[in-house]
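Trainee: Kindly return the folded structure for what I paste below:
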Amino acid sequence: MKATWNNTVIAESDETIEVEGNQYFPADSINKEFFKPSGTHTVCGWKGTASYYDVVVDDKTNADAAWFYPETKPDAKNIEGYVAFWKGVQVIE
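Mentor: Got it, this is the predicted structure:
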């Protein structure tokens, strides 16, 4: 699977995990140069508290376009630390 934004591959992995229609990428599969920590946090009832990244490519910022769960609740341990995308980031096989 590949995640792209602004014509740039920002993550790529053969070991993604699909949850609720989203592909979660292992943390070591993202190109960290394109990710800037965001102050945003949201709470999912069964996964836990999500943290977000802004995706920055060619001086363009896609705010809060990636999220991850640094510490999940027990039912979501398989995606702890994995990164998922939205807000126009394309995920393709």
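
Trainee: hey, where'd the strands end up in this protein?
Mentor: Assigned by DSSP state E, the chain shows strands spanning 2-5, 8-12, 17-19, 22-24, 35-44, 48-57, 60-68, 83-85, 90-92.

Trainee: Can you give the contact residues for stretch 73-90?
Mentor: 3-5, 10-11, 16-17, 19, 22-27, 29-30, 44, 46-48, 53, 55, 62-72, 91 (C-beta atoms under 8 Å, 6 or more residues apart in numbering). For the C-beta atoms, the positions are set from N, CA and C on the backbone; glycine is no exception.

Trainee: Buried only: go through those for me.
Mentor: Those of those that meet the buried threshold are 3-5, 10-11, 16, 22-26, 29-30, 47-48, 53, 55, 62, 64-69, 72, 91, by 16 or more other C-beta atoms under 10 Å.

Trainee: Can you redo the strands of the chain as CSV, where the extra columns are mean pLDDT and distance to residue 76?
Mentor: What follows is the strands of the chain, written out as CSV (pLDDT from 0 to 100; distance: least, C-beta to C-beta, whole Å):
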stretch, mean pLDDT, distance to residue 76
strand 2-5, 98, 20
strand 8-12, 98, 19
strand 17-19, 98, 8
strand 22-24, 98, 10
strand 35-44, 98, 8
strand 48-57, 98, 6
strand 60-68, 98, 11
strand 83-85, 98, 12
strand 90-92, 97, 19
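
Trainee: Now residue 69. Its backbone dihedrals?
Mentor: phi -110, psi 100 (degrees, to the nearest 10).
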